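Q: Give me a 3D structure for the following:
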Amino acid sequence: MEELLEISSQLIQTTQTGFKRYLYSKIEWDEKLIGIKGARGTGKTTLLLQYLKEAQLPESHIAYFSLDEIYFLSHSVVEVVKAFYQSGGKIVVLDEVHKYPNWSREIKNLHDRYRDLQVIFTGSSIIDIAKEEGDLSRRAIIYELHGLSYREFLSFQKGINLPIVKLEDLINPGFSLRSHFPSHFLPLAHFQAYLRSGYFPFSGESERIYFKKLRQLIRTIVEYDMAEIKGFDIRNGKKLLQLLYLIAQLVPFKPNISALAEKTLIHRNSMVNYLIYLAEARLIDLQYPAGISVALLQKPEKIFLNNTNYLFALSENKPEAGTVRETFFNSLVKVTHKVQYSASVDFLLDGKFHFEVGGKNKSGKQVKDEMTWIVKDDLEYPVGKSLPLWVFGMLY
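A: Numbering: from 1, shown residues only. A predicted model of the protein is given here:
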């Protein structure tokens, strides 16, 4: 127990608080039970260590425990947190809860027993809070942390601090995007760097090392985190990696389930579930038509990789420009808006806004009404109904 508290103290003291993820300001920190989901590498641990560091409480009143510590193989979370609480503890962070059996039941017990103790927990994006024992979904406020936006990348890596742009402002004809940013800001100067290696907070190293880390991250998610999914046989991890690699060469595409099954030796009846597993792990995104329950579908209409960095790390050849554009748009817009498949344009947002994504020569023939816009990757600022691609990285 003392060793855990020493580790906690050291981590809190050495955590930097200069740059904070977008989610930090959105969390209702007054709540007593908070859960944060997210894919590996997005910065959940750092975010919560920052919160503890700025809590303005004595060191003995705050604690960070990672549940993948060996200590928890022979000690329960309940007994550790009980001892911490009886010593004056006020805030406890439980990291990597999916690594600990019966975590949801024990967290529920802690919340019910110690009403003045704030419990914050983090877990993989794979876990389904609503289906866990203990029914935390009614007790906890759950957030999800996504990768860096282009705006966050500019702040984190380049020291360029810029305001958020809301979609409703961006599509407003009376809104001046140019005056929204400093006059010296060059929006495309670092855009390609972000597309290649800016989505995760551990970017900034050599690109070769970064891509190697990404591939290792993907293997860890598939070979270890997938074990937390009920019904998934981890012995099929190799097939899942093969499927992901195949998808990386094809995206974005409308899946042919039989063809994917044949190439990966995954049974056709299991293929849709495997795609859902990869989506839950935030390795891919599945796009469905508007107005149809996902649960009733046999397959998604379109598949994307989760972010452009995965494209560059997994593609055998340089990804096509069109693929990069659409992957970027999808990965950033989905954080703040509902993205759905449309048969007439590339993307349908919130069930009413239509966007066609392309390069500088993209024509405006798809703009048939006031609810449709063209998105181009060579623009610095809007021109009529054409919007710059980069600005969709400023939504959070």
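
Q: can you pull the contacts of the closest residue to residue 141 other than its chain neighbours?
A: Take residue 141 and drop its neighbours on the chain: the residue closest to it by Cβ to Cβ, 6 or more residues apart in numbering is residue 31, 5.2 Å away. From N, CA and C alone the C-beta is placed, and that goes for glycine too. Each residue near residue 31 by Cβ atoms under 8 Å, 6 or more residues apart in numbering is listed here: 118, 140-141.

Q: which regions of the stretch 251-396 of the chain sit below the pLDDT cut-off?
A: Along the stretch 251-396 of the chain, segments meeting pLDDT under 70 span 291-298, 364-366.

Q: which residues in it form strands?
A: Listed in chain order, the strands of the stretch 251-396 of the chain (DSSP state E, counting those that start in this stretch) span 284-287, 302-305, 339-340, 347-349, 353-358, 372-376, 386-388.

Q: and the helix or strand containing residue 240, how far out from the chain's middle?
A: When elements are assigned from DSSP states H and E, residue 240 belongs to helix 237-250. Chain-centre distance of helix 237-250: 20 Å, with Cα atoms, centre = their mean, to the nearest Å.

Q: any idea whether residue 205 is helix, strand or coil?
A: coil (DSSP: H, G, I helix; E, B strand; the rest coil).

Q: pLDDT wise, what is it at?
A: On pLDDT, residue 205 comes in at 72.

Q: Low-confidence ranges, the stretch 101-250 of the chain, go.
A: In the stretch 101-250 of the chain, residues with pLDDT under 70: 128-134, 203-204, 228-232.

Q: please redo it, this time with the cut-off set to 80
A: 127-135, 137, 203-205, 227-235 (pLDDT under 80).

Q: quick one on the thing from earlier: show me what the helix holding residue 240 is in contact with.
A: By Cβ under 8 Å, 6+ apart, the residues outside helix 237-250 that reach it are 218-219, 222-223, 226, 260, 263-266, 274-275, 277-278, 283-284, 303, 305, 310-311, 314-316.

Q: Name only those of these that count as buried.
A: Among the contacts of helix 237-250, those classed as buried by 16 or more other Cβ atoms under 10 Å are 218, 222, 226, 260, 264, 266, 274-275, 277-278, 283-284, 303, 305, 310-311, 314-315.

Q: Narrow these to those in helices?
A: The helices, defined by DSSP state H, take in 218, 222, 260, 264, 274-275, 277-278, 310-311, 314 from the buried ones among the contacts of helix 237-250.
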